[in-house]
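Trainee: Quick one: sequence and predicted model below, then my questions.
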Amino acid sequence: MLTASGILGYLYSVYVPFRLPWNIDVALAAVVFYGAGNLFRKFTESETGQGPGSSCESSSRVGEGLFRRDNFLPGLLILVNLFYLGYLLKFPTADKVNMNVLKYGGFFSFYFFAFSGALAFVYLFKK
């Protein structure tokens, strides 16, 4: 359903000249990110066995693990590589991507860069 909604939202932005009330047309493309986040959350919860309301580790242990160089460096390298890949593929900039006015750039680049950037930040912050 998420894939169908994403395709429908993109095709609507390309071929239909009028807007729907309450930004329903934008919601067709945006619900993909909400649904993927919900699926990703369920995937990580089953992996760790902890939910959003579970107790956290002690603050000193979290601080020690978060700021160690071996945890921070791989996430930073992934983020820099994503930016370089975006530069090589002529990353869709703000004038090409604007969900409010139904400008998404290329279909695959829009979703690829959105998900790769979000996953890079999730990885970086988890480390």
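Mentor: Right, received. Where do you want to start? As the structure is a prediction and not an experimental result, all values here were calculated from the model.
Trainee: so how far is the strand or helix carrying Phe110 off the chain centroid?
Mentor: Assessed by DSSP states H and E, Phe110 sits inside helix 107-126. For helix 107-126, the separation from the chain centroid amounts to 4 Å (computed by Cα atoms, centre = their mean, to the nearest Å).
Trainee: Of all the residues in that helix, which ones are buried?
Mentor: Neighbour-count burial for helix 107-126 flags 107, 109-111, 113-114, 116, 120, 124 (criterion: 16 or more other Cβ atoms under 10 Å). Yep, even glycine has a C-beta here, placed from its N, CA and C like the rest.
Trainee: and if you look at stretch 26-45?
Mentor: Residues of stretch 26-45 classed as buried by neighbour count (16+ other Cβ under 10 Å): 26, 28-29, 32, 36.
Trainee: Just the mean pLDDT for it, thanks.
Mentor: Stretch 26-45 carries an average pLDDT of 87.
Trainee: residues making contact with it?
Mentor: Residues outside stretch 26-45 that contact it (Cβ atoms under 8 Å, 6 or more residues apart in numbering): 1-3, 5-6, 8-10, 12-13, 51-52, 99-100, 102, 104, 111, 114-115, 118, 122.
Trainee: just the buried members of those residues?
Mentor: With burial judged by 16+ other Cβ under 10 Å, the buried subset of the contacts of stretch 26-45 is 5-6, 9-10, 12-13, 99, 102, 104, 111, 114.
Trainee: ok, the residues you listed vs Lys90, which is closest?
Mentor: Closest approach between the buried ones among the contacts of stretch 26-45 and Lys90, by Cβ to Cβ: Tyr104, at 14.7 Å.
Trainee: All good on my end, thank you.
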